[in-house]
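In: Sequence plus predicted model, see below.
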Amino acid sequence: MAEPEETQIVTRAGEIDLITGERLHCLELAIGGDIESRFVVGPLGLKIGRTAPADIVIADSEVSRTHCSVFLKDDQLFVSDLGSTNGTFVDGNKVTEVTELLVGSVLQVGKRVLKHEWRTRSEINHSNEIDRELEKAASYVKALLPPERKDGPILVDWIYEPSAKLGGDAFGYGQLAEDLYVAYLVDVAGHGTGAAMHAVAIMNQLRQRSLPNTDMARPELVLSTLNELFQMEDHAGLYFTIWYGVYDARSRVLTYASGGHHPSFLVSPDKGSAFPLQTRNVIIGAMPAMSFTQSSVEVPPGSSVYMFSDGVYEIIDKDAKQWGLDDFVTLILDESAAGKTEPVRLYDKVREVALPSTLDDDFSLVVMTFP
Amino acid sequence: MDVVITENSGVTKAELTGRLDTANVNDLELRFTAGIMPKAQHTVVDLTNVTFIASLGIRMLLTTARGLAGRGAKFVMFGANPAVTEIFETTALSDIIPILKTEADAMAEVAG
């Protein structure tokens, strides 16, 4: 398959005379096409390594503890390898001596790349402002998430790690009526505050159990109503997927429906099996007047339901393999880890195997155990 | 990631290549929609060389399909590999956009 073609403009900072105003040399760490972090190179330069006290810490096993350094000389940026095990590369060429890093050049350290950009203060300030807005939006989503539950008919642990550009994940659970409990997870397509705010709007409807003329205990009706309320043409082209389940603690029956969402999994207490909980329904908002179906399953004592967004498994691993759902289910069935909740164990494991640049979506995972 | 748009007997053909992930969709979406929508005619999309589709990729396909439907034109896809087919099954996208095996099937669908 043809690789994406990129045009790279490489130049010396001092040769650009069109620029007015102060410019700063920056190294930008990208993830999924978005800038994850920006580091301004000051007079003291920056050290890059796997752990502190490096100025730029890259948690990648292929990065040495003290890997390389970048520094300024006569307003030009240079890089020097500090005896790293796996080498430092500039535009694909191994650094064997002090090498100039031209504006537009790409510095590769382990599996990560940093691009040398020359930014004005106003550009940086504007970008920082957007980042702050994203952080605020992420905080808002987090504030709406329910606390973990350590007792009661359902025990719940979860993890929510928003991506650098904030995806549209949100989830919730709670009591619908005596002996009836609900859990749901939504994933709005796209990134940024728009997707996050759309997720919040959906979640608020579900949190307040306020869908019009809808029995919230019937997942198929909930999805149908959401589909009418949130048609993508009326909501800036945004659609979402959802998994929605209702548990009856008296009968131990879980009734569920998924709208364009991959299955949640019912996992036996001994982790011997993972049963997919999915009904084939379209994504929500894609087309009006669609019909939705639900299904149900009896929940054996001690079993757990794993409910998650696609950000947990749509990764490329370090062997360059595109992961699918099956790969993640294999991880689910691995032994639990002492001292870690299941969501944290799985998060750590995915981070360990994934190419960092492919961790570009929210990571949301809820594990509900039914004693 | 790339898109090549051609025309044959009044049918637009869009050939996508690579990973339709978030970053690539951001780069590609304008070219894709601008190459298809103004023609407002039946369109077939070749997915033979697409290895992965993220949710934003589905949104791009869905938006274009709905836009064409609004103008009375069909939007049909073909050639999806097993991994991409699994994504379409999960989202039940085939309930909205016909997904066929071969180009001949797709051309027959838009002609029918």
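Out: That came through fine.
In: So B:Lys13 is in contact with B:Ile36, correct?
Out: No: checked against C-beta atoms under 8 Å, the pair B:Lys13 and B:Ile36 is beyond contact range at 9.7 Å. Any C-beta I mention is one placed from the backbone N, CA and C, and that applies to glycine too.
In: Between those two, which contacts overlap?
Out: B:Ile5, B:Thr43 (C-beta atoms under 8 Å, 6 or more residues apart in numbering or on different chains).
In: These two: who's more crowded?
Out: More crowded of B:Lys13 and B:Ile36, by other C-beta atoms under 10 Å in any protein chain shown: B:Ile36, with 23 against 18.
In: tell me which element that one is part of?
Out: Assessed by DSSP states H and E, B:Ile36 sits inside helix B:22-36.
In: Packing partners of that helix?
Out: In terms of contacts (3 or more C-beta pairs under 8 Å, 6 or more residues apart in numbering or on different chains; DSSP states H and E), helix B:22-36 is packed against strand B:2-8, strand B:11-20, helix B:55-69.
In: hmm, the longest helix seen in chain A in reach of chain B?
Out: In terms of residue count, the longest helix belonging to chain A (DSSP state H) is helix A:121-144. No: residues of helix A:121-144 contacting chain B under C-beta under 8 Å from any C-beta of the partner chain: none, with a closest distance of 14.9 Å.
In: can you pull the buried residues of the next helix-or-strand element following that helix?
Out: Scanning forward in sequence from helix A:121-144 by DSSP H and E, the next helix or strand is strand A:155-161. Going by neighbour count (16 or more other C-beta atoms under 10 Å in any protein chain shown), the buried part of strand A:155-161 is A:Val156, A:Asp157, A:Trp158, A:Ile159, A:Tyr160, A:Glu161.
In: do the same with stretch A:138-148
Out: A:Ala138, A:Val141, A:Leu145.
In: where's the dip in pLDDT among the residues you listed?
Out: pLDDT across those is lowest for A:Ala138, at 86.
In: And the nearest residue to it once chain neighbours are set aside, how close does it get to A:Asn204?
Out: The shortest distance from A:Ala138 to any non-neighbouring residue, by C-beta to C-beta, 6 or more residues apart in numbering or on different chains, is to A:Pro162 (4.4 Å). A:Pro162 is 18 Å from A:Asn204, where distance means C-beta to C-beta, to the nearest Å.
In: now do A:Arg132
Out: Counting by C-beta to C-beta, the gap from A:Arg132 to A:Asn204 is 23 Å.
In: Compare the two and say which one has the larger neighbour count.
Out: Using other C-beta under 10 Å, the more surrounded residue of A:Arg132 and A:Asn204 is A:Asn204, with 13 against 10.
In: In terms of helix, strand or coil, where does that one fall?
Out: helix (DSSP: H, G, I helix; E, B strand; the rest coil).
In: List the residues that contact it.
Out: A:Leu144 are the contacts of A:Asn204 under C-beta under 8 Å, 6+ apart.
In: Nearest approach to chain A belongs to which of the helices and strands packed on helix B:22-36?
Out: helix B:55-69 (3.8 Å; C-beta to the nearest C-beta).
In: pLDDT averaged over that closest one - what is it?
Out: 92.
In: quick revisit: quick check, distance from the helix holding B:Ile36 to the centre of its chain.
Out: Here the centre of helix B:22-36 is set off from its chain's centre by 11 Å, with C-alpha atoms, centre = their mean, to the nearest Å.
In: And stretch A:199-217, by the same measure?
Out: 24 Å.
In: Count the neighbours of A:Val297 for me.
Out: Neighbour tally, A:Val297, other C-beta under 10 Å: 16.
In: OK, contacts around the nearest residue to it once chain neighbours are set aside?
Out: Distance criterion C-beta to C-beta, 6+ apart; nearest residue to A:Val297, sequence neighbours excluded, is A:Leu254 at 5.4 Å. Taking C-beta under 8 Å, 6+ apart, we find A:Leu254 in contact with A:Gly245, A:Val246, A:Tyr247, A:Asp248, A:Leu266, A:Leu277, A:Ser296, A:Val297, A:Glu298, A:Val299, A:Val305.
In: near chain A, which residues of chain B show up?
Out: Counting by C-beta under 8 Å from any C-beta, the residues of chain B near chain A are B:1-2, B:17-18, B:21-24, B:26-27, B:49, B:51-52, B:54-56, B:58-59, B:62-63, B:66, B:83, B:86, B:89-93, B:95-96.
In: residues touching residue 47, list them.
Out: This is for chain A. Counted by C-beta under 8 Å, 6+ apart, A:Lys47 has contacts A:Pro53, A:Ala54, A:Asp55, A:Ile56, A:Thr66, A:Cys68, A:Ser69, A:Leu82.
In: that's the wrong chain, I wanted chain B
Out: B:Leu16, B:Met77, B:Phe78, B:Gly79, B:Ala80, B:Asn81, B:Val84.
In: quick one: the strands in the stretch 1-150 of chain A?
Out: Ranges of strands in the stretch 1-150 of chain A, per DSSP state E, counting those that start in this stretch, are A:23-31, A:34-40, A:46-49, A:56-57, A:68-73, A:76-81, A:88-90, A:93-94, A:99-100, A:106-109, A:112-120.
In: Could I get the ones you listed in JSON lines, plus columns for mean pLDDT?
Out: Conversion of the strands of the stretch 1-150 of chain A to JSON lines gives the following (pLDDT from 0 to 100):
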{"stretch": "strand A:23-31", "mean pLDDT": "85"}
{"stretch": "strand A:34-40", "mean pLDDT": "80"}
{"stretch": "strand A:46-49", "mean pLDDT": "94"}
{"stretch": "strand A:56-57", "mean pLDDT": "92"}
{"stretch": "strand A:68-73", "mean pLDDT": "94"}
{"stretch": "strand A:76-81", "mean pLDDT": "94"}
{"stretch": "strand A:88-90", "mean pLDDT": "95"}
{"stretch": "strand A:93-94", "mean pLDDT": "93"}
{"stretch": "strand A:99-100", "mean pLDDT": "94"}
{"stretch": "strand A:106-109", "mean pLDDT": "92"}
{"stretch": "strand A:112-120", "mean pLDDT": "88"}
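In: Now for A:Lys321: which residues touch it?
Out: By C-beta under 8 Å, 6+ apart, A:Lys321 lies in contact with A:Asp327.
In: Tell me the pLDDT of it.
Out: Reported pLDDT for A:Lys321: 89.
In: Closest to A:Arg351 out of the buried residues of stretch A:138-148?
Out: The closest of the buried residues of stretch A:138-148 to A:Arg351 turns out to be A:Ala138 (C-beta to C-beta; 18.0 Å).
In: List only buried entries from the residues of chain B next to chain A.
Out: By 16+ other C-beta under 10 Å, the residues of chain B next to chain A give B:1-2, B:17-18, B:21-24, B:51-52, B:54-56, B:58-59, B:62-63, B:66, B:90-93, B:95-96 as buried.
In: helices and strands of chain B: which one bottoms out on pLDDT?
Out: helix B:22-36 (a mean of 88; mean pLDDT, DSSP states H and E).
In: Next, the angle helix B:55-69 makes with it.
Out: Helix B:22-36 and helix B:55-69 meet at an angle of 10 degrees, taking axes from the mean of the first three to the mean of the last three C-alpha atoms, to 10 degrees as the criterion.
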